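Chemist: sequence and predicted structure are below.
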Amino acid sequence: MTGAGAVPDPATDAVTEEGRGPGAGTPRLVLEGVEKSFGPKQVLRGIDLRVSAHEVVCLIGPSGCGKSTLLRCINLLERIDAGRIVFEGEDISRPGVNANRIRRRMGIVFQAFNLFPHMTVLDNVTLGPRRALHQSRRDAETRTVELLERFGLADHAGEYPDRLSGGQQQRAAIVRSLIGDPELLLLDEVTSALDPELVGEVLSVIRDLARGGMTMVLATHEMGFARDVAHHIYFLHEGRVLESGPPEQLLSDPQQERTRQFLRRVIEAGRL
């Protein structure tokens, strides 16, 4: 790696188990008592969460429990009402913080691909570094081509999004989130808009990033995937962290009845 934000490559940046997982060094992200309301509806109710460098944290829970809102708050797309968010030792939730400066150090991928339909894949990915980071077109395109090759999209650089499959579009969106070498990657149900047969190719990309040591927080309904890649899982219910722990404990021996009920339904649906 060349720096804290370099995108890990499993072939060259293997991370030892001693350097990964909960408590490995100074936490990269800490949430303390985070609350968020939209009008009279309180969506987040005192969320505490901790993510160490190179750790994968999964947020699970029923729809409407606050997972997406939590990710948007971390990325400062929504301002919290109470509590604080500390990123790399800086309280980024305090008044006056330059949100764009913080966002340049994070990548975020949404459920929808959000690619500009009138731009090629290459232009979609290079737009951010050219406009926000003032990179030259040559430098931005060189880095983009490297990432597209890594994720099997090099042959589609000149294609427009409507010429790509859903899985290819989501992989392009992930590449776009990685182009700025983020220190933290946020993923919001990135497979929910895909046909079942395309889910695997996107999960494979995320799995490779996890193996390479990328620090990630992802909201997901893919319980089997969470079990395989997560270091820590948080179960959210009605805007609260009802239970958290390593996947082998939380998914196999949950302590809360609501968690057990949720996982029974997941198992019945064949998702775990």
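Modeler: Cool, got the structure.

Chemist: buried set for the host helix or strand of Ile85?
Modeler: Using DSSP states H and E, Ile85 sits within strand 82-87. Neighbour counts over strand 82-87 (16 or more other Cβ atoms under 10 Å) mark Gly83, Ile85, Val86, Phe87 as buried. (Each C-beta comes from the backbone N, C-alpha and C, glycine too.)

Chemist: what of stretch 261-272?
Modeler: Buried residues in stretch 261-272, defined by neighbour count with 16+ other Cβ under 10 Å: Phe262, Leu263, Val266, Leu272.

Chemist: keeping just the C-alphas, turn that stretch into CSV.
Modeler: Extracted C-alpha coordinates of stretch 261-272, given in CSV (Å, rounded to 0.1, in the frame of the first residue of the first chain):
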residue,chain,number,x,y,z
GLN,A,261,-37.2,-14.1,15.1
PHE,A,262,-35.5,-12.1,12.3
LEU,A,263,-33.0,-14.9,11.6
ARG,A,264,-35.7,-17.6,11.6
ARG,A,265,-37.4,-15.7,8.8
VAL,A,266,-34.1,-15.4,7.0
ILE,A,267,-33.5,-19.1,7.2
GLU,A,268,-37.0,-19.9,6.1
ALA,A,269,-36.4,-17.7,3.0
GLY,A,270,-33.2,-19.6,2.2
ARG,A,271,-30.9,-16.6,2.8
LEU,A,272,-28.7,-18.2,5.5
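
Chemist: partner strands of the strand holding Ile85 and their direction?
Modeler: If you go by DSSP bridges, strand 82-87 pairs up with strand 27-38 (antiparallel), strand 90-91 (antiparallel).

Chemist: out of those, which is closest to Glu222?
Modeler: Checking the strands paired with strand 82-87 against Glu222 by Cβ to Cβ gives strand 27-38 as the closest, at 21.8 Å.

Chemist: quick one: mean pLDDT over the closest one.
Modeler: On average, the pLDDT along strand 27-38 is 97.

Chemist: now the helix or strand just after it: mean pLDDT?
Modeler: Downstream of strand 27-38, the first helix or strand assigned by DSSP H and E is strand 41-52. Averaging pLDDT along strand 41-52 gives 97.

Chemist: could you list every helix and strand in contact with the next helix or strand after strand 41-52?
Modeler: For strand 41-52, the following helix or strand on the C-terminal side (DSSP H and E) is strand 56-60. The contact analysis (3 or more Cβ pairs under 8 Å, 6 or more residues apart in numbering; DSSP states H and E) places strand 56-60 against helix 67-74, strand 216-219, helix 223-229, strand 232-237.
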